[in-house]
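Peer 1: Provide a 3D model corresponding to the input given below.
(one chain, ligands or ions: 1)
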Amino acid sequence: MVRLIIGVAQPVVTMTCQKKELPRGENRMQDISKSIEACAARYGEQAAAMRDYLVAGQDAALALDNRGPIEFDASGKLAQHILDAYSKYGFYVFTGVLTEEECEDIETDMVALKASFPVAPDSTVDVEGRPALGSDSLTPHLVWSKPLGDPLGGTQLANGRHQIKMFEPEATADTPLASPFILLGSLRFSDACLRTYAHPELLRVAEAINGEDFAPFNEALFIKEPGIGAAVSWHQDGVTHWDSPDFDENIHGFNFMAQLYGSTAVNGVWVLPGSHKLGKIDIKDLVSSSKSERIEGAVPLVCDRGDVVICNRQALHGSFPNSGFEPRLTVNFGFHKRSSVLGVKGGGIHSNAQVFDDEIIARRSRVLGYAIASRKERFPEETAYEYKPFTEQSLSFVWDDAARADIHDYNRDDLSI
Ligand SMILES: O=C(O)CCC(=O)C(=O)O
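Peer 2: Numbers count the residues shown, from 1 in each chain. As a prediction, the model looks like this:
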């Protein structure tokens with residue numbers, strides 16, 4: 001069913017613009033006990049083991065010291081405790097980043113997007129017979145799956161990085177034969193997601209991790225509807241730099257994962273803490289030593305609505321099919337160190353393999369310029385992020401129809417490494 005190969009202790013200042021900020025370390029966790037039971041029940045004789053794994057993982061995730069609001073110290077640097085925890089675990093849950101207003105904007109766009117999805121993987125029309133979303137695209141945009149499937153696991157798609165096939169529970173008879181679960185190049189389809197891409201505090205985090213000349217990676221939506229949403233089998237994202245003499249824990253960049261409905265042990269991404277420092281992992285071996293796909297030591301990303309995770313792309317991660325009752329919609333967008341992409345031949349997963357030069361990086365970065373411009377219009381009271389490469393070249397951007405046309409198929413230049 002897959003249509004595409006994808007693919008020092010200093011005083012801290014807590015950021016403003018968050019309506020639902022909680023003290024560091026706390027979260028309002030959704031009660032997912034019914035989902036845990038429903039999910040476990042689909043695993044047959046493994047039901048008890050699955051239930052125990054979900055509960056233990058959730059408890060372990062909440063016991064880690066890697067969640068709280070985005071904080072900067074008195075000199076404007078990202079708080080050291082965040083940098084330390086991110087380096088230790090390979091991920092950090094920033095709580096209360098997106099305001100309710102911003103989440104509602106994304107929700108509104110999602111309703112329109114879903115209504116314009118093609119009716120079937122090979123269709124070019126939506127349910128009303130209109131040209132479907134992306135039917136004029138030259139670039140890949142939708143990845144489809146059968147309900148509760150694992151379309152990437154155990155295949156050679158995406159450079160074979162999803163080494164094992166996850167268990168695919170049987171879906172109920174009322175589910176569609178196939179539905180989209182990943183939307184690529186998402187910034188051209190949703191103004192709300194475009195604006196989230198320019199969130200000033202998130203971009204300051206990107207700068208802190210990857211330097212002020214940080215470069216884009218790619219953007220996608222992960223759509224995990226209850227009873228339908230597909231698995232993304234265990235994998236590490238990076239494909240190009242594992243044997244590099246300059247290898248370090250940040251060389252393959254990171255993804256921000258903004259949560260519209262929260263994220264749970266049942267529907268969320270699971271991460272093996274610290275695995276971003278281990279180099280390339282033999283996943284089959286790990287599954288074999290864990291005696292099941294329930295990899296020992298992994299924990300789920302437990303989030304509320306509006307939380308945003310930063311996840312190192314080298315960390316071992318994956319998600320189970322969503323056989324619970326809560327939806328998950330993740331607005332994914334990643335960034336790299338410029339040195340990780342400049343002069344590097346891409347891995348060919350999200351875009352055709354090409355050597356990324358200054359021109360390609362500049363072309364791919366313009367969507368960030370439009371995003372900042374568009375966010376300024378929607379949230380004029382906010383201090384917009386200033387991206388050094390634009391300032392140095394005195395580049396300015398306007399978000400208008402010409403800009404929309406300019407980013408048509410922009411993801412053909414995804415800096416896929
Ligand atoms: O959201 C998911 O389920 C998977 C996300 C993922 O694998 C990624 O961002 O690399």
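Peer 1: alpha carbons only for contacts and neighbour counts from here, please
Peer 2: Fine.
Peer 1: pLDDT score for residue 15?
Peer 2: Per-residue confidence at residue 15 stands at 35 (pLDDT).
Peer 1: and stretch 327-335, which residues are buried?
Peer 2: For stretch 327-335, burial by neighbour count (16 or more other C-alpha atoms under 10 Å) applies to 327-335.
Peer 1: Kindly identify which of the residues you listed also come near the ligand.
Peer 2: Of the residues in those, proximity to the ligand by C-alpha under 6 Å from any ligand atom holds for none.
Peer 1: for residue 392, phi and psi?
Peer 2: Main-chain torsions, residue 392, degrees, to the nearest 10: phi -60, psi -30.
Peer 1: same check, this time on residue 204
Peer 2: For residue 204, the backbone dihedrals (degrees, to the nearest 10) come out as phi -70, psi -30.
Peer 1: how about the residue in the stretch 301-417 of the chain positioned nearest to the ligand, what does it touch?
Peer 2: When you check the stretch 301-417 of the chain against the ligand by C-alpha to the nearest ligand atom, the closest residue turns out to be residue 319, at 4.7 Å. Under the criterion of C-alpha atoms under 8 Å, 6 or more residues apart in numbering, the contact partners of residue 319 comprise 231-234, 267-270.
Peer 1: try it again with 7 Å
Peer 2: With contacts taken as C-alpha atoms under 7 Å, 6 or more residues apart in numbering, residue 319 has the following neighbours: 231-233, 268-270.
Peer 1: now, which of the buried residues of stretch 327-335 lie within strands?
Peer 2: Taking DSSP state E, the ones among the buried residues of stretch 327-335 that sit in strands are 328-335.
Peer 1: Could you list the low-pLDDT ranges of the stretch 151-300 of the chain?
Peer 2: Regions of the stretch 151-300 of the chain meeting the criterion pLDDT under 70 are absent.
Peer 1: And the strands in it?
Peer 2: Per DSSP state E, counting those that start in this stretch, the stretch 151-300 of the chain has strands spanning 179-184, 215-224, 232-235, 254-259, 269-271, 299-300. These are given in chain order.
Peer 1: Mean neighbour count and distance to the ligand added to the ones you listed, as a markdown table?
Peer 2: Shown next, in a markdown table, are these (neighbours: other C-alpha atoms under 10 Å; distance: least, C-alpha to the nearest ligand atom, whole Å):
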| stretch | mean neighbour count | distance to the ligand |
| --- | --- | --- |
| strand 179-184 | 23 | 9 |
| strand 215-224 | 24 | 5 |
| strand 232-235 | 26 | 5 |
| strand 254-259 | 26 | 6 |
| strand 269-271 | 26 | 5 |
| strand 299-300 | 26 | 11 |
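Peer 1: which one of the ones you listed lies closest to residue 367?
Peer 2: strand 215-224 (9.2 Å; C-alpha to C-alpha).
Peer 1: angle of that closest one against strand 328-336?
Peer 2: Counting by axes from the mean of the first three to the mean of the last three C-alpha atoms, to 10 degrees, strand 215-224 points 170 degrees away from the direction of strand 328-336.
Peer 1: show me where pLDDT drops low in the stretch 1-150 of the chain?
Peer 2: Along the stretch 1-150 of the chain, the model assigns pLDDT under 70 to residues 1-28.
Peer 1: check contacts around the spatially most central residue of the chain.
Peer 2: Most central residue of the chain, judged by C-alpha distance to the mean C-alpha position with C-alpha atoms, centre = their mean, is residue 332 at 3.0 Å. Contacts for residue 332 (C-alpha under 7 Å, 6+ apart) come out as 219-221, 255-258.
Peer 1: interface residues of the protein facing the ligand?
Peer 2: Residues of the chain lying close to the ligand (C-alpha under 6 Å from any ligand atom) are 222, 232, 237, 269, 318-319.
Peer 1: In TSV: these, plus distance to residue 33.
Peer 2: What follows is the residues of the chain next to the ligand, written out as TSV (distance: C-alpha to C-alpha, whole Å):
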residue	distance to residue 33
222	23
232	23
237	31
269	18
318	21
319	18
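Peer 1: which pair in the residues you listed spans the largest distance?
Peer 2: Considering C-alpha to C-alpha, no two members of those lie farther apart than 222 and 237, which are separated by 15.1 Å.
Peer 1: related to what we said a few turns ago, ok, the closest residue in space to the residue nearest to the centre of the chain that isn't next to it in sequence - contacts?
Peer 2: Closest residue to residue 332 in three dimensions, ignoring its sequence neighbours and counting by C-alpha to C-alpha, 6 or more residues apart in numbering: residue 257, at 4.6 Å. Applying C-alpha under 7 Å, 6+ apart to residue 257 gives the contacts 308-310, 330-333.
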